[in-house]
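Asks: no sequence for this one, just the structure:
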Ligand SMILES: [Zn+2]
Ligand SMILES: [Zn+2]
């Protein structure tokens, strides 16, 4: 059996940085100022930066959001790792075992033109 190489300092730093960007946190939308949740999905292959509305959706609201072309996400809460935003694929939903809070991509609310010019 071969010994695993020890994680280098750079590896450990990178892991810390990853943990930080993957923890969901409140951040106002830079465009419309709405309260949003931002996080990178903890997916090594195709991590996605998500900005989502923090309002939890029930099934009907989720269907409406998806019909509207917004992606929906699982908000997985954990005391150990902090809150994470996770991909919500149809197998996950169909399994019926998902107990996560469901949130949808943020979409900026329309604002008056005058406000935009300020
Ligand atoms: Zn889930
Ligand atoms: Zn916005």
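Replies: That came in fine, so what should we check first? Here the structure is a predicted model, which is why all the values come from computation and not from measurement. Ligands and ions are numbered 1, 2, ... in the order given.
Asks: Centroid-nearest residue for the chain?
Replies: Nearest to the mean C-alpha position of the chain, by C-alpha atoms, centre = their mean, lies residue 85 at 3.4 Å.
Asks: Where does pLDDT dip in the protein?
Replies: In the predicted model, the chain carries pLDDT under 70 at residues 1-4, 111-118.
Asks: Pull up the residues of it that are close to ligand 1.
Replies: 74, 98, 100 (C-beta under 5 Å from the ion). All C-beta atoms are positioned from the backbone trio N, CA, C, and that covers glycine.
Asks: for this protein, what spans make up the helices?
Replies: Listed in chain order, the helices found in the chain under DSSP state H are 9-22, 59-67, 90-94, 113-117.
Asks: Same list, those helices, but as CSV with mean neighbour count and distance to residue 50 please.
Replies: Formatted as CSV, the helices of the chain follow (neighbours: other C-beta atoms under 10 Å; distance: least, C-beta to C-beta, whole Å):
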stretch, mean neighbour count, distance to residue 50
helix 9-22, 12, 10
helix 59-67, 13, 14
helix 90-94, 10, 16
helix 113-117, 8, 25
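Asks: Ligand 2 is nearest to which of these?
Replies: helix 113-117 (12.3 Å; C-beta to the ion).
Asks: hang on, the earlier thing: go through the helices of the chain and name the closest to residue 51.
Replies: helix 9-22 (12.7 Å; C-beta to C-beta).
Asks: And the contacts of the closest one?
Replies: For helix 9-22, the external contacting residues (C-beta atoms under 8 Å, 6 or more residues apart in numbering) are 7, 39, 40, 41, 42, 81, 82, 84.
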